[in-house]
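Trainee: heads up, no residue letters with this:
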């Protein structure tokens, strides 16, 4: 009986590992980025897991941007827009040991990729 309980506990732990790996992106981050043709910016990034997806909120100056993302391996990809939906963009974050590295672009915007670290 004791062996069966141990095996069951180990099996539950193994099954839970992929779920906990997904939440590696969640948290509140200070961000620094570069907007091509505009310059440097700073702000706050909040990533909140919601089931298999992530709700994402940036605050840069007085502007808030919201988005929704999915994880594939060590990458979180997010579609986002400002509150007035005047444009839409996409950002892809790669997890690193002490934060995130991001590359982003805006539909119809510069033909260059913006960068962001968190």
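Mentor: Arrived safely. Bear in mind the structure is a predicted one, so any value in this text is a computation, not a measurement.
Trainee: which other helices and strands contact whichever strand in the chain runs longest?
Mentor: If you go by DSSP state E, the chain has its longest strand at strand 39-50. If you count contacts as 3 or more C-beta pairs under 8 Å, 6 or more residues apart in numbering; DSSP states H and E, strand 39-50 packs onto strand 27-35, strand 53-60. Backbone N, C-alpha and C define where each C-beta goes, glycine included.
Trainee: bridging across strands, which residues link to residue 115?
Mentor: Beta bridges link residue 115 to residue 34, residue 103, judged by DSSP bridges.
Trainee: that one is in contact with residue 103, isn't it?
Mentor: Yes. With contact defined as C-beta atoms under 8 Å, residue 115 reaches residue 103; the gap is 6.0 Å.
Trainee: one step back: residue 94 is nearest to which of the helices and strands packed on strand 39-50?
Mentor: With C-beta to C-beta as the criterion, residue 94 lies closest to strand 27-35 of the helices and strands packed on strand 39-50, at 13.6 Å.
Trainee: list the contacts for the most centrally placed residue in the chain?
Mentor: Here the mean C-alpha position of the chain is nearest to the C-alpha of residue 76 (C-alpha atoms, centre = their mean), at a distance of 4.8 Å. Shown in contact with residue 76 (C-beta atoms under 8 Å, 6 or more residues apart in numbering): 25, 47, 54, 69, 70, 92, 93, 95, 100.
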